[in-house]
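Colleague: structure for the following, please:
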Amino acid sequence: LRAAQHIKPSVYNFGTRFGSRHNSLKYASCASPRYTFLDCKQVPVLLRLKTSRREPPFLCSLPETSARNYTSISRATFVRTTTPAALNMSEANTSGDSKPMRIVSLLPSITEIVAALGLGPHLVGITHECDYPPEVVKDVKVVTSSDIQPYKMSQAEINKLVSGSLANGHSLYGLGEAELKDVNPTHVFTQALCDVCAVSYPKVLSTCARVLGDGPRVVSLEPTDFEEVFTTITVMGEQCGVQDRAEALKAELREQIARIKAAVAAKLEENGGKRPKLAFLEWNDPLFTGGHWVPDMCAMAGADYTMAKSGERSVQIEKEKLIEYDPDVILVAPCGFDTKRACDDAKAMYQHQWWKDLRAVKNGDVYAADANSFFARPGPRIVPGTAVVAQILHGIDVGLVPEGAWVKVEAP
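Modeller: Numbers count the residues shown, from 1 in each chain. You can find the predicted model right below:
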């Protein structure tokens with residue numbers, strides 16, 4: 001807890017709900033991080049502070065552990081990318097600078113940043129979803145598992161399974177204790193932004209405490225908008241001692257964004273500044289809008305996209321809202337799916353008459369894109385993802401869009 005310099009310890013009484021042993025809880029809180037530790041006399045507990053109506057607080061009991069292990073967890077590095085300066089990295093728990101760096105990445109976007117920073121040789125553990133860059137991940141041990149088989153299930157089936165698991169407090173993913181112990185990481189990079197996307201943060205903490213003791217540095221990266229993705233790169237550079245590489249990577253990405261913006265500005269000037277009204281669908285059964293960094297991407301690509309605000313979560317909408325919105329262009333980019341699956345799922349929407357009555361559908365302006373690569377992962381490839389939207393809307397080619405990144409959806 002020394003990592004947060006402005007902590008003001010106080011006492012909070014949770015009442016008898018947790019039993020007499022847990023009645024009086026000493027805790028420390030600070031304005032920026034969303035997590036803190038409570039000393040429940042004998043059992044360490046992690047409290048996630050309520051920051052909005054969409055994010056209720058929760059308690060996660062950590063295993064009975066020695067004081068040494070508890071210290072290692074309580075001093076773990078919690079990084080919320082909006083306020084990295086709130087943490088004193090020199091005070092955070094380290095794995096020991098004398099040890100060779102061994103990185104476990106528990107999110108595909110983090111794996112991509114690790115590779116982009118030239119840290120691939122230090123990567124010793126990844127998730128079952130980490131597939132890029134293929135030459136970096138091909139021989140790295142997988143330390144997670146999931147019961148979800150996305151390419152064997154419909155979107156409706158996946159949504160039902162996910163909703164049921166979250167409602168019952170069940171984790172969608174497993175974290176292999178034997179695999180984690182075998183790779184013996186010095187750094188574990190994870191996230192607490194979305195339990196649908198990766199192993200839940202409390203599970204990561206409790207598993208690391210139980211299996212690895214005070215060995216690794218645990219870092220949670222939680223970008224919510226486009227700019228915070230760049231902050232994530234900065235934090236990873238600091239944590240891994242490659243700040244210069246991080247700055248160089250960000251400079252390269254910003255130069256690419258500048259090219260996209262310039263091309264979009266020129267195109268908008270030609271057509272009087274009119275931006276096409278875009279519907280970005282992150283899921284289409286049920287309908288979900290694209291949130292977090294997607295609104296930023298759409299804005300930079302020259303779209304009029306008002307279905308979500310920058311930094312806000314993706315939200316489910318009813319078909320009536322999409323009918324009322326009546327976009328000029330529809331981009332179907334289901335989270336976690338490639339272009340082919342996105343196209344197949346978009347074609348399935350033509351069974352609904354209300355879909356066929358939409359202006360974009362009537363005009364043949366429905367497109368499908370590889371969200372798994374370019375929209376769902378807050379890493380370097382959201383820049384070519386921005387170029388994908390610009391190319392779809394304005395026909396702009398700045399040399400950043402790979403072949404097969406998107407297709408026009410033809411009515412079946």
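Colleague: buried residues in stretch 385-404?
Modeller: The neighbour-count check on stretch 385-404 (16 or more other Cβ atoms under 10 Å) flags 385-394, 396, 398, 400-401 as buried. (Each C-beta comes from the backbone N, C-alpha and C, glycine too.)
Colleague: in the stretch 301-412 of the chain, which spans are strands?
Modeller: Per DSSP state E, counting those that start in this stretch, the stretch 301-412 of the chain carries strands over the ranges 329-332, 366-369, 406-408.
Colleague: what lies in contact with the second one?
Modeller: With Cβ atoms under 8 Å, 6 or more residues apart in numbering as the test, strand 366-369 has contacts from 329-333, 339, 342-343, 345-346, 360, 375, 385, 388, 392, 405-409.
Colleague: could you flag which of these are buried?
Modeller: The neighbour count (16+ other Cβ under 10 Å) marks 329-333, 339, 342-343, 345-346, 360, 375, 385, 388, 392, 405-407, 409 as buried among the contacts of strand 366-369.
Colleague: where does the stretch 1-150 of the chain have low pLDDT?
Modeller: Within the stretch 1-150 of the chain, the ranges that satisfy pLDDT under 70 run 1-98.
Colleague: just checking, Leu281 touches Tyr305?
Modeller: No - taking contacts as Cβ atoms under 8 Å, Leu281 lies outside contact range of Tyr305: 11.3 Å.
Colleague: so who does Leu281 touch?
Modeller: Counted by Cβ under 8 Å, 6+ apart, Leu281 has contacts 287-290, 330-334.
Colleague: that one and Ala308, how far apart?
Modeller: Look at Leu281 and Ala308: by Cβ to Cβ, to the nearest Å, they are 11 Å apart.
Colleague: common neighbours of the two, please.
Modeller: 289-290.
Colleague: count of neighbours near Met300?
Modeller: Neighbour count of Met300, defined by other Cβ atoms under 10 Å: 18.
Colleague: try the one 5 residues further on
Modeller: By the criterion of other Cβ under 10 Å, Tyr305 has 25 neighbours.
Colleague: nearest residue to it in space, please, no chain neighbours.
Modeller: Excluding the flanking residues, the one nearest Tyr305 by Cβ to Cβ, 6 or more residues apart in numbering is Cys298, at 3.9 Å.
Colleague: quick one: list the elements packing against the host helix or strand of that neighbour.
Modeller: Element membership for Cys298, per DSSP states H and E: helix 294-300. Contact partners of helix 294-300 among helices and strands, from 3 or more Cβ pairs under 8 Å, 6 or more residues apart in numbering; DSSP states H and E: helix 226-240, helix 243-270, strand 278-284, helix 382-394.
Colleague: could you rerun that using 6 Å?
Modeller: helix 382-394 (3 or more Cβ pairs under 6 Å, 6 or more residues apart in numbering; DSSP states H and E).
Colleague: next, the angle helix 226-240 makes with the helix it packs on.
Modeller: Angle between the axes of helix 382-394 and helix 226-240 is 160 degrees (criterion: axes from the mean of the first three to the mean of the last three Cα atoms, to 10 degrees).
Colleague: distance check, Asp225 against Tyr350.
Modeller: Separation of Asp225 from Tyr350 (Cβ to Cβ): 33 Å.
Colleague: where in the stretch 251-400 of the chain is pLDDT low?
Modeller: If you take pLDDT under 70 as the line, the stretch 251-400 of the chain has no such spans.
Colleague: my guess is Glu282 meets Gly290, correct?
Modeller: Yes - at 4.4 Å, Glu282 counts as touching Gly290 under the criterion of Cβ atoms under 6 Å.
Colleague: tally of neighbours for Ser200?
Modeller: Counted with other Cβ under 10 Å, the neighbours of Ser200 add up to 23.
Colleague: what's the per-residue pLDDT of it here?
Modeller: The per-residue pLDDT reported for Ser200 equals 78.
Colleague: pull the contacting residues for the closest residue to Asp370 other than its chain neighbours.
Modeller: Once flanking residues are discounted, Asp370 sits nearest to Thr339: 4.4 Å by Cβ to Cβ, 6+ apart. For Thr339, the contact set (Cβ atoms under 6 Å, 6 or more residues apart in numbering) comprises 368, 370, 404, 407.
Colleague: how near is the closest residue in space to Gly404 that isn't next to it in sequence to Ile260?
Modeller: Leaving aside its sequence neighbours, Gly404 sits nearest to Thr339 (Cβ to Cβ, 6+ apart; 5.7 Å). Between Thr339 and Ile260 the distance is 20 Å, computed by Cβ to Cβ.
Colleague: for Leu175, which residues are in contact?
Modeller: By Cβ under 6 Å, 6+ apart, the contact list for Leu175 reads 144, 199, 203, 207.
Colleague: of the residues you listed - the most surrounded one?
Modeller: The most crowded member of the contacts of Leu175, judged by other Cβ under 10 Å, is Val199 (23 neighbours).
Colleague: Tyr173 is in contact with that one, correct?
Modeller: Yes - using Cβ under 6 Å, Val199 is in contact with Tyr173, at 4.5 Å.
Colleague: identify the contacts common to those two.
Modeller: Counting by Cβ under 6 Å, 6+ apart, the contacts common to Val199 and Tyr173 are Thr144.
Colleague: for stretch 294-308, how far is the first residue from the last?
Modeller: One end of stretch 294-308 to the other measures 9 Å (Cα to Cα, to the nearest Å).
Colleague: how about it: buried residues?
Modeller: Buried residues in stretch 294-308, defined by neighbour count with 16+ other Cβ under 10 Å: 294-303, 305, 307-308.
Colleague: could those residues go into TSV alongside distance to Trp354?
Modeller: Shown next, in TSV, are the buried residues of stretch 294-308 (distance: Cβ to Cβ, whole Å):
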residue	distance to Trp354
Val294	24
Pro295	25
Asp296	29
Met297	27
Cys298	23
Ala299	28
Met300	31
Ala301	27
Gly302	28
Ala303	23
Tyr305	21
Met307	17
Ala308	21
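Colleague: go through those residues and name the one nearest Val235.
Modeller: Minimum distance to Val235 across these is 18.9 Å, recorded for Asp296 (Cβ to Cβ).
Colleague: distance-wise, check the nearest residue to the closest one once chain neighbours are set aside relative to Asp326.
Modeller: Leaving aside its sequence neighbours, Asp296 sits nearest to Phe226 (Cβ to Cβ, 6+ apart; 3.5 Å). The gap separating Phe226 from Asp326 is 27 Å, by Cβ to Cβ.
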